Every structure is written in structure tokens, then in C-alpha cells.
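**Q** Sequence and computational prediction follow.
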Amino acid sequence: MGFPTRELYISRLLEVLEWVYTVDPDTIEPEREYRIERGERWRADTLDEWKDVFGADLKKRGRRSAVANITSYLVNFTEEDQDLLIFLLTELSEADLYLKQNQVIPVLIRTGSFLQQCFNERIGCGKNLYNVIIEAYAVGEITDSEVRLAQFIRLCRNDVSHNFSYDTEYGFEVHDHAAICTVTLLNSLLASWFGSQWYVETRLSIGNCIRVVENEFGFEWDSEDTTYEKYSLDPKYDNRD
């Protein structure tokens, strides 16, 4: 039997990455004690062996440690220009997991930071989120619909970041919808940039996401500034008064 190919290693690691996000840690029973130290590289030849290694890590030190080690392996095996793909898959998994736990604020904060980082990486600059969204749109990295979702998510991210969670300017319904939109946007970027898909399912289409933003919440698009008017939402969703 020959050694696994590089492509097979990547395929197995991606399966393990999905598994780490979907398995119940209480059901994991590693065959032996593992501890992956910083910079250490394990050799596993089968999917079950990889699950045993990273399952032990998940069980003992939590999801963050296991995911960090899996993504480190994946980056080591993939081409340099595929690093962003790996991190996009990870952020999709994080957003999906937080949504299932009804943790809206972490979704918005994580996705806002990720969008700033990945847009800057795609276009080779170092701008804040507002400006890098506009720049990404101007150079064709994102579509008309994607720029609207990105700016809506940014506004909600700013609201939950700059205000107490119980005293935000937008109503919870707005933030909750923005969190759902993060998965829609990330899946759209995954498809358009890499022609790929992941196990995380989009809850609403881009069209339906935008219809809620503009028709239900009442946000008005400012084509000159390429963003939504910050306080153009329907008064029933405005907590400022």
C-alpha cells in the first residue's frame, strides 16, 4: 500500500475539520492520549486516525485548539494562494455554530473582522472595513448584492461593538437577521472566489436577505457612498428613542 497523496491528505483534513464542528465532544473516546505541541507534526494515514488525533485534542483542550491545529496542517499542505480558502471555510463553520447556539453578537464581530482581513488580502491593501468593502466592490471582487450584505453586516457589527448588548441602536431582529446574512455572504464569496461549497447551508438567499433589509427594516441604499444610510431604518426597529 502506497503513501497517501497530498490531495488525499487535504481531503481527509477537510473532512476532519467538518467533523470537529459537528461532532458532540462527549461522544469522543480516543484510543489513546494525544497531545499536539506547538510546531509538532503528526503523521496519520487514515481518516479514523486523524479523527482520533484531533478528537483527543478537541476532548481535552476544546474546539479552538483542534481547529487551530487542523488549519495549520491544511495551510502546510495547500498552496499559498489557498490559505484564504481554508480560513473562509473555518469562518463559515464558526458562524454556523454560533447561529445554532443563538449567539448573534459573536457572529457579527467575527465576520466583520474576517471580512476586513480577507478583502484587504484579496486586493492588497490595508484599509478599515468600510473603505475596504467599497474598494473590493470597485475592483470587482464583490457583486452589487454582496456589497449590500457586507455593508449591512458592517453597520450591525459596529452597533453591537460600540454599544452595550442590551442598549444597541438597532433592534435585536436587525442583528439576528444580519447574523443569518453572514452565512449567506460567506457562502456566496466561497462560490464566486473559489467555485467551492461547504457543509454549512445558507438559510436565506441573497435576494431574500436584501429584501428584509430594505423592505422590512427600511434601510435606504446610498449609491454615492456605497452603503446604507445608518439611521434610515423603520422606527419600530430603532432603539434610540
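**A** That came in fine, so what should we check first? Please read these numbers as outputs of a predicted model, since none were measured by experiment.
**Q** and the worst-scoring helix or strand of the chain on mean pLDDT, what does it pack onto?
**A** Across the helices and strands of the chain, mean confidence by mean pLDDT, DSSP states H and E is lowest for helix 47-61: a mean of 86. Counting contacts by 3 or more CB pairs under 8 Å, 6 or more residues apart in numbering; DSSP states H and E, helix 47-61 packs against helix 6-22, helix 63-77. In short, each C-beta sits where N, CA and C put it, glycine included.
**Q** Report the buried residues of the shortest one.
**A** Of the residues in helix 63-77, those buried by neighbour count under the rule 16 or more other CB atoms under 10 Å are Arg63, Ala66, Val67, Asn69, Ile70, Thr71, Tyr73, Leu74.
**Q** Now do the least confident helix or strand of the chain: distance to the chain's middle.
**A** Helix 47-61 has its C-alpha centroid displaced from the chain centroid by 23 Å (CA atoms, centre = their mean, to the nearest Å).
**Q** Export it to CSV, keeping only CA atoms.
**A** C-alpha atoms of helix 47-61 as CSV (Å, rounded to 0.1, in the frame of the first residue of the first chain):
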residue,chain,number,x,y,z
LEU,A,47,-9.4,9.3,8.3
ASP,A,48,-10.1,7.4,11.5
GLU,A,49,-6.5,8.1,12.7
TRP,A,50,-6.9,11.8,12.0
LYS,A,51,-10.2,11.8,13.9
ASP,A,52,-8.5,10.0,16.8
VAL,A,53,-5.7,12.6,17.0
PHE,A,54,-7.8,15.7,16.7
GLY,A,55,-10.7,14.2,18.7
ALA,A,56,-8.3,13.8,21.6
ASP,A,57,-7.3,17.4,21.2
LEU,A,58,-10.9,18.5,21.0
LYS,A,59,-11.9,16.5,24.1
LYS,A,60,-9.0,17.8,26.2
ARG,A,61,-8.4,21.4,25.1
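**Q** Between the buried residues of helix 63-77, which sits nearest Thr182?
**A** The closest of these to Thr182 turns out to be Val67 (CB to CB; 17.7 Å).
**Q** distance of that closest one from Leu17?
**A** Taking CB to CB, to the nearest Å as the measure, Val67 and Leu17 are separated by 7 Å.
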